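**Student:** Let me see the structure of the following:
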Amino acid sequence: MPIRILHLHSSFHAGGKELRAAKLINAFGKGAGHTIVSAVEGATGAGDAIDPKIAVAYPREFPSLEGKPLPGRLRRIAQAMAGHDLILTYNWGAMDAVMAHTVFRDVYRLAPLVHHEDGFNAEEANGLRRSRNWFRRIALGRTSALVVPSKRLEAIALDAWQQPRARVRRIPNGIGTKAYARKVKPDALPRVVKRPGEKWLGTLAGLRAVKNLPRLVRAFAGLPDEWQLVILGEGPERDAIRDEAVRLDVGHRVHLPGFVSDPASAVGLFDLFALSSESEQFPVSVLEAMAAGLAVASPDVGDVADMLAPENRPYLAPGGDETALSGAIAALAADEALRNEIGKANRARAREFYDEKAMIEAYRSVYAGAMKRESFP
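**Tutor:** I've put the predicted structure just below:
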């Protein structure tokens, strides 16, 4: 009988952590069945990346993950978690479910729970909230493991959240690096075609406030006319991005083709990659850009500096410094030879350190350990 896994997400929009979860689901194959709940109703776009042969359900009747953590509500969430073999929770948006598990685990004989923290939304992008730190300390008290991708989050888990060393597991994100070396067709994306003579500044991101994509539009606006900005992703900030492009009179050069289920089929169209986020930890999109042989301009957030090749690190801007980010983008856009040199170094680093095989095996080990199994699934 397949392992029954319950996934409780802050959102299942197609972003980095969600696509990583989809990749792991595919890697586990038919040995596991999955129930996926999103705290944001209808935000299930990452499901498009899951192999249709794998059993996946999106229950509508699951109690909301949002609301006050009152005992009655936590009890209802705990009741809904019963009947699974493993419970996986993701980010602050699922923390009430973690608390429900801690309080009612024995009452309802709940399966072991592994929590994943990948970063912060806009509310904590510029500093952790003390009340949330206290809540996390209590809620995480009976989890089997806390998985984080970055060194910064590992330090926060050990210090601010006071988690024991044995519970915290740092697993760097990984991707299938070789797939990003293949040649990409100019018409690989929906609704936009790369024309001869064009240069593309690109990014992949869930269109959420913490990604601050209007900032990227502003940083892009001063580039020469042959440059286009292509933002791959979906989310609630689409209109804000479009409005900023129109305000700056670059609407005709800013493209939002939507979510791409296979980034390896598209990232190679970019000539330069950029992030503009308020907060990141270990962004998968940067790994994808590196594997595609691209130079990266980004705020110096999370583990981005450690991820990139040394040749790329001078083009990181201090967090929140829009002028510096614009300067880094402009400098790289103006020098094709420099972009190629940095891109080559980034690709070599991605292949050496960030291939997905090690990541998948590390997750297998954590989940098997939580279930006290020798293998997973």
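**Student:** Pull out the buried residues from stretch 114-123.
**Tutor:** Judged by neighbour count using 16 or more other C-beta atoms under 10 Å, the buried positions of stretch 114-123 are Val114, His115, His116, Glu117, Asp118, Gly119, Phe120, Asn121. Every C-beta, even on glycine, is put in place using the N, C-alpha and C of the backbone.
**Student:** So which of these belong to helices?
**Tutor:** Judged by DSSP state H, helices contain none of the buried residues of stretch 114-123.
**Student:** As a markdown table, these with distance to Asp48 would be great.
**Tutor:** Shown next, in a markdown table, are these (distance: C-beta to C-beta, whole Å):
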| residue | distance to Asp48 |
| --- | --- |
| Val114 | 24 |
| His115 | 25 |
| His116 | 21 |
| Glu117 | 24 |
| Asp118 | 20 |
| Gly119 | 22 |
| Phe120 | 26 |
| Asn121 | 23 |
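**Student:** mind listing the helices for the chain?
**Tutor:** So, for the chain - with DSSP H - the helices run 16-28, 71-81, 95-108, 130-139, 151-158, 213-220, 238-247, 284-291, 304-307, 322-333, 336-353, 356-371.
**Student:** so what does the third one touch, helix or strand wise?
**Tutor:** Spelled out, that is helix 95-108. helix 71-81, strand 86-90, strand 113-116, helix 130-139 (3 or more C-beta pairs under 8 Å, 6 or more residues apart in numbering; DSSP states H and E).
**Student:** sorry, back to before: save the buried residues of stretch 114-123 as CSV, and put in pLDDT too.
**Tutor:** Shown next, in CSV, are the buried residues of stretch 114-123 (pLDDT from 0 to 100):
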residue, pLDDT
Val114, 98
His115, 98
His116, 98
Glu117, 96
Asp118, 93
Gly119, 87
Phe120, 84
Asn121, 77
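**Student:** can you tell me which of the residues you listed lies nearest to Ser131?
**Tutor:** Nearest to Ser131 among those is Phe120, at 14.1 Å by C-beta to C-beta.
**Student:** what's near enough to touch that closest one?
**Tutor:** Trp92, Leu128, Val210, Ser279 (C-beta atoms under 8 Å, 6 or more residues apart in numbering).
**Student:** and among the helices of the chain, the most buried is which?
**Tutor:** helix 284-291 (a mean of 28; mean count of other C-beta atoms under 10 Å).
**Student:** Could I get the average pLDDT for it?
**Tutor:** What helix 284-291 shows for mean pLDDT is 96.
**Student:** and what of stretch 92-101?
**Tutor:** 97.
**Student:** Tell me how far it lies from the chain's centre.
**Tutor:** Its chain's C-alpha centre and that of stretch 92-101 lie 19 Å apart, by C-alpha atoms, centre = their mean, to the nearest Å.
**Student:** just stretch 242-258 next, same as before
**Tutor:** Distance, centroid of stretch 242-258 to centroid of chain: 24 Å (C-alpha atoms, centre = their mean).
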